[in-house]
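Novice: show me the folded form of this:
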Amino acid sequence: MSVVPDSLTGAVDRAFAGMRSARERFAPEFAPREVGTITSVSTGIAKVSGLPNVGFEELVRFPGDVFGIAFNVDEDEIGVVLLGDYWHLNAGDPVERTDRVMDVAVGTGLLGRVIDPLGRPLDGGGTVAADARLPIERPAPPIMDRAPVTVPLQSGLMVVDALIPIGRGQRELILGDRQTGKTAIAIDTILNQRDQDVVCVYCAIGQRASAVAKTVSMLREKGALDYTVVVVTEGNDPPGLTYIAPYVATSIAEHFMEQGRDVLIVYDDLTHHARAYRELSLLLRRPPGREAFPGDIFYIHSRLLERSTRLRVECGGGSLTALPIIETEAQNIAAYIPTNLISITDGQIYLSPALFELGVLPAVDVGKSVSRVGGKAQWAAYRAVTGDLKLAYAQFEELETFARFGARLDVATWKIVEHGRRIRACLMQPEFTPVSVPGQIAVLLALTAGLFDVVSVDRMGDAEAAVREAAAWIPADICARFESAEMLSDDDRQAIIAIARQVLAGFRSTPDYASKSEPTPGSTDETVP
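Specialist: Numbering: from 1, shown residues only. Below you'll find the model as predicted:
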């Protein structure tokens, strides 16, 4: 007969004693759950009864793991915005409260990923790794936590960086008719942030899948996807997903901002967002207002864009720069949604279909575009070389109208027109080819010094490219002053102009007005045809 060791017997006794103690301590708890019932289902919304304690914008769960947001909280029923496929939902199905608001996964694991507003991957790359979760609706930073916008965000586009500069923490609206290059400006700005330590978030709102695929492919090809998060809703997605998409993207961007990073977010475009909200509101029987939009359409965009700012150093020092895109119809910038966003943002870049048809790309209308903040954030070197550029370009656009009618112009006026044509030629830029800061300043200095005035307009593209390439010859100590508060000295300017003059020597030609001698007062030959 075998004897059980005392050590084994004691271990068994202790185990059973622990189990007995745990059993005696256990007291079943009854957790109350609120379960309601679907009363009706419509396009993208559901009416629910039986949830008396549900809160505004609380998340509720439907069968099949479909979620919704409580939008209308009435006495007898609530109106819920559905956030997924709802074809299987029927009246009478149960609805359960979650006791939380809609949130999204955030963190560095999202960089390089393409996701939908619910955080589900769309790029086939597996589960998204997250550092935390943040609610999609968050209060904007208080005024005392904000700092002045003092650092520029270089877009790589000469017409923007020189004439309509954008600062880090600014909200700059991009608007124009369909197919005028609005998205191209935003994508160029994202591409230019490579090696600038700027995180980018691109939010495609209700876009065609083919257009989104093209954009993602371009970002991947140019190496920009490594520092970019792409949030996508397609045109056939439920309107609820389209509505929450920009808020989801903003929470993702805010996570990086709160870590002290500089972030750029692009909303492409808020026209689809406004239409999705109008659709939801009308289905929920909210009263329509101007152009059938509900009265709080201004509020949903203002609470979104007010989250973009620059934080004080004590609060982390990060920044969130917003580039919302809006579509106009027949160049009507006085429509309801465009005027709303113009009043919310800190300036606008207006793209003209007339310029686009003429082949002036990017088709930025300098006269209707403005930056209310960026000029203060512009590098001192830029301010020195672009001071008179916008005025000269505006004068040219006005005079060019008269020149088209065959009016006879005096030599001085004709010189202004010819100089303006060269300014416009220099500001034209192919898509996805951002220009470096030294290249831009070299071209702008050559423009203001009149070096391009002896170059034929037909050869301006080659001449400008040559000056940009020659910017690599600028001494390193001068280049270091480009991105600082230091003003360029006269010696610095002369050194850059000398490089440009040497390059442009091979492009010289005789301008049309040069053959005309300067007329004297009272002479008969005072005009140039």
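
Novice: which SS class is the spatially most central residue of the chain?
Specialist: Among the residues of the chain, the one closest to the centroid is residue 266, at 2.0 Å (Cα atoms, centre = their mean). Under DSSP: H, G, I helix; E, B strand; the rest coil, the three-state class of residue 266 is strand.

Novice: please name the nearest non-neighbouring residue to it.
Specialist: residue 186 (4.4 Å; Cβ to Cβ, 6 or more residues apart in numbering). Backbone N, C-alpha and C define where each C-beta goes, glycine included.

Novice: rewinding a little: so the residue nearest to the centre of the chain bridges to which residues?
Specialist: residue 202, residue 323 (DSSP bridges).

Novice: count the neighbours of the residue nearest to residue 266 for me.
Specialist: 25 (other Cβ atoms under 10 Å).

Novice: that one is in contact with residue 175, isn't it?
Specialist: No: applying Cβ atoms under 8 Å, one finds residue 186 not in contact with residue 175, separated by 11.9 Å.

Novice: overlap of the contact sets of those two?
Specialist: Here residue 186 and residue 175 share the contacting residues residue 325, scored by Cβ atoms under 8 Å, 6 or more residues apart in numbering.

Novice: stretch 7-17: how far from the chain's middle?
Specialist: 66 Å (Cα atoms, centre = their mean, to the nearest Å).

Novice: residue 434 and residue 161 touch, don't they?
Specialist: No: between residue 434 and residue 161 there is no contact under Cβ under 8 Å: 9.5 Å.

Novice: who has more neighbours out of these two?
Specialist: Taking other Cβ under 10 Å, residue 434 and residue 161 do not tie; residue 161 has more neighbours (27 against 21).

Novice: per-residue confidence at that one?
Specialist: Model confidence at residue 161, given as pLDDT, is 93.

Novice: residue 376 too?
Specialist: 85.

Novice: on the three-state scheme, it is what?
Specialist: helix.

Novice: quick check, it in contact with residue 150.
Specialist: Yes: proximity of residue 376 to residue 150 meets the contact threshold set by Cβ under 8 Å, at 6.9 Å.

Novice: sketch out the low-pLDDT regions of this structure for me.
Specialist: Applying pLDDT under 70 to the chain flags residues 1-6, 30-31, 406-407, 510-529.

Novice: residues in contact with stretch 298-314: which ones?
Specialist: 137-138, 140-141, 145-151, 167-171, 246-247, 250, 254, 257-258, 265, 267, 270, 273-274, 277, 317-322, 324, 340-341, 344-345.

Novice: ends of it, what's the gap?
Specialist: Taking Cα to Cα, to the nearest Å, stretch 298-314 runs 32 Å from one end to the other.

Novice: stretch 188-200 too?
Specialist: Termini of stretch 188-200 sit 12 Å apart (Cα to Cα).

Novice: thinking again about what came up before, strands - which of the contacts of stretch 298-314 land there?
Specialist: Of the positions in those, 265, 267, 319-322, 324 sit in strands, assigned by DSSP state E.

Novice: need those in CSV (columns: neighbour count and distance to residue 97).
Specialist: Below are the ones in strands among the contacts of stretch 298-314 laid out as CSV (neighbours: other Cβ atoms under 10 Å; distance: Cβ to Cβ, whole Å):
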residue, neighbour count, distance to residue 97
265, 29, 32
267, 30, 31
319, 26, 37
320, 28, 32
321, 28, 38
322, 28, 34
324, 28, 34
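
Novice: and those, which is closest to residue 38?
Specialist: residue 267 (32.5 Å; Cβ to Cβ).

Novice: so how far is residue 37 from the closest one?
Specialist: Distance, residue 267 to residue 37, by Cβ to Cβ, to the nearest Å: 37 Å.

Novice: surely the residue nearest to residue 266 is in a strand?
Specialist: No: counting by three-state DSSP, residue 186 is not part of a strand but helix.

Novice: list the contacts for it?
Specialist: Counting by Cβ under 8 Å, 6+ apart, residue 186 has contacts 174, 202, 266, 268, 323, 325.

Novice: residue 128 too?
Specialist: Contacts of residue 128 by Cβ under 8 Å, 6+ apart are 105, 109-110, 113, 115, 119-121.

Novice: mind listing which of those are in strands?
Specialist: Short answer: the contacts of residue 128 in strands (DSSP E) are 105, 115.

Novice: export the contacts of residue 128 to JSON lines and append columns for neighbour count.
Specialist: What follows is these, written out as JSON lines (neighbours: other Cβ atoms under 10 Å):
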{"residue": "105", "neighbour count": "21"}
{"residue": "109", "neighbour count": "14"}
{"residue": "110", "neighbour count": "26"}
{"residue": "113", "neighbour count": "19"}
{"residue": "115", "neighbour count": "22"}
{"residue": "119", "neighbour count": "19"}
{"residue": "120", "neighbour count": "10"}
{"residue": "121", "neighbour count": "14"}
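
Novice: go through the ones in strands among the contacts of stretch 298-314 and name the one nearest residue 81.
Specialist: Distances from residue 81 to those, taken by Cβ to Cβ, are shortest for residue 267, at 19.2 Å.

Novice: so that closest one makes contact with residue 205?
Specialist: Yes: using Cβ under 8 Å, residue 267 is in contact with residue 205, at 6.5 Å.

Novice: anything in contact with each of the two?
Specialist: Contacts common to residue 267 and residue 205, judged by Cβ under 8 Å, 6+ apart, are 246, 273.

Novice: list buried residues within the contacts of stretch 298-314.
Specialist: With neighbours counted by 16 or more other Cβ atoms under 10 Å, those contain buried members at 137, 140-141, 146-147, 149, 151, 167-171, 246-247, 250, 254, 257-258, 265, 267, 270, 273-274, 277, 318-322, 324, 340-341, 344-345.

Novice: ok, so what distance separates the residue nearest to residue 266 from residue 106?
Specialist: 22 Å.

Novice: coming back round to it: so what's the residue nearest to the centre of the chain up against?
Specialist: So residue 266 contacts 186, 189-190, 200-203, 323-325 (Cβ under 8 Å, 6+ apart).

Novice: redo that, cut-off 6 Å
Specialist: 186, 202, 323 (Cβ atoms under 6 Å, 6 or more residues apart in numbering).

Novice: mind listing the helices for the stretch 351-500 of the chain?
Specialist: For the stretch 351-500 of the chain, the helices defined by DSSP state H, counting those that start in this stretch cover 353-357, 374-377, 380-386, 389-404, 411-427, 437-448, 460-470, 476-482, 490-504.

Novice: so which of the ones you listed is the most packed in?
Specialist: Among the helices of the stretch 351-500 of the chain, helix 437-448 has the highest mean neighbour count (mean count of other Cβ atoms under 10 Å), at a mean of 24.

Novice: what's it in contact with?
Specialist: For helix 437-448, contacts defined as Cβ under 6 Å, 6+ apart pick out 158, 162, 381, 385, 426, 452, 464, 467-468, 471, 474, 479, 482, 496-497, 500.

Novice: one step back: closest to residue 242 among the ones in strands among the contacts of stretch 298-314?
Specialist: Comparing those against residue 242 with Cβ to Cβ places residue 267 closest, at 11.7 Å.
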